[in-house]
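>>> everything below, folded, please.
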Amino acid sequence: MRVISYNLRKNRASGELSALDEQYEPDLLCLQECDTLELPSEIGLLHLADSTLTNRLGLAIYYRKDRFEAVTTQAFALKKSLHDRLLTPAHERLIGTRLIDRVADRELVVASFHAAPLTALNSLRRNQIQSAHEELNLLGPGLPTLMVGDYNYPIFKRNLGDKINKSGYDLTLSDSRTYTRYKFFRGHFDLATSTGLTIDNVETLPQGTSDHMPILVTSTYTDESVHETVRQTARQALREADGAARTSAGVPEEFDI
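All right, here's what the predicted structure looks like:
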């Protein structure tokens, strides 16, 4: 599964989305700082699941209709920073979509996240991340979950990773920095947190007109499909029942009847 996350820098990089889809063929696209009133319903094979409506730095999720079916999408308001209260840039900082993956025969949750800016404390951003994970678990209890976006957390990531691990999630950084605007805060701003998934690779893509670079997250399911497990159990039960019937009838097990 291939997921691109991109902070569009107040929608300035929106014109790059079609090229990103054509070049990297993502299964899902998660956006931050987009103008939701200008978003197209389709980008190549990607379909708009939904977007936030009440904030000027919008969030959105696109998915491939030939692979996924969207079950439900929900936007969430998280704890506000002083910056949020004064300038009201982002009432909703999380949007999540519960999907059916027809290829893997299972369900999952994918989310686009935008943490409070650097003017806020790291403790507030950790609170937002924890709350976001809790909300996504309510959206899809026990389902594999991937949350990508602008975490605004350039330093002290070891502490962040430890706290995220304790909540049952994994934190994954990309192969190179994702932000270049500030001299002293260049680093990994765009991250991935996940549960129930193995993150095979997170690649920082070439920079466009945004101050953030897109990231491409490649992942696989940690365990097999629940539906597949049920089918295997049923097949095993049938084999055992058939074997018992053969034995009681005196028919050798290797004899096909």
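>>> so where's the chain shaky on pLDDT?
Per-residue confidence for the chain (pLDDT under 70) gives these ranges: 80-90, 182-186, 224-257.
>>> show me where it has strands.
Taking DSSP state E to define them, one finds strands in the chain at 2-7, 28-34, 42-43, 46-51, 58-64, 68-76, 94-101, 106-114, 145-150, 170-172, 190-195, 197-204, 215-221.
>>> beta-bridge partners for residue 75, please?
residue 95 (DSSP bridges).
>>> returning to what we had before: and the strands of the chain as CSV, adding mean neighbour count?
In short, each C-beta sits where N, CA and C put it, glycine included. Written out in CSV, the entries for the strands of the chain read as follows (neighbours: other Cβ atoms under 10 Å):
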stretch, mean neighbour count
strand 2-7, 25
strand 28-34, 27
strand 42-43, 14
strand 46-51, 21
strand 58-64, 25
strand 68-76, 17
strand 94-101, 24
strand 106-114, 26
strand 145-150, 26
strand 170-172, 19
strand 190-195, 25
strand 197-204, 17
strand 215-221, 20
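>>> could the ones you listed be laid out in CSV, adding distance to residue 13?
Formatted as CSV, the entries for these read as follows, by distance: least, Cβ to Cβ, whole Å:
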stretch, distance to residue 13
strand 2-7, 7
strand 28-34, 9
strand 42-43, 13
strand 46-51, 16
strand 58-64, 13
strand 68-76, 22
strand 94-101, 18
strand 106-114, 15
strand 145-150, 13
strand 170-172, 23
strand 190-195, 13
strand 197-204, 15
strand 215-221, 13
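>>> and these: which comes nearest residue 134?
Nearest to residue 134, of all these, is strand 68-76, at 9.7 Å by Cβ to Cβ.
>>> before we move on, back to that, so which of the strands of the chain is nearest residue 163?
If you check each of the strands of the chain against residue 163 by Cβ to Cβ, strand 170-172 wins as the nearest, at 9.1 Å.
>>> looking at the strands of the chain, which is nearest to residue 130?
strand 190-195 (10.2 Å).
>>> OK, contacts around residue 170?
If you count contacts by Cβ atoms under 8 Å, 6 or more residues apart in numbering, residue 170 has them with 164, 193, 194, 195, 199.
>>> run the last query once more with 6 Å
Residue 170 makes contact with residue 194 under the criterion Cβ atoms under 6 Å, 6 or more residues apart in numbering.
>>> check the gap between it and residue 128 for me.
In this view, residue 170 and residue 128 are 18 Å apart by Cβ to Cβ, to the nearest Å.
>>> returning to what we had before: among the strands of the chain, which is nearest residue 22?
Closest of those to residue 22 is strand 42-43, at 9.5 Å (criterion: Cβ to Cβ).
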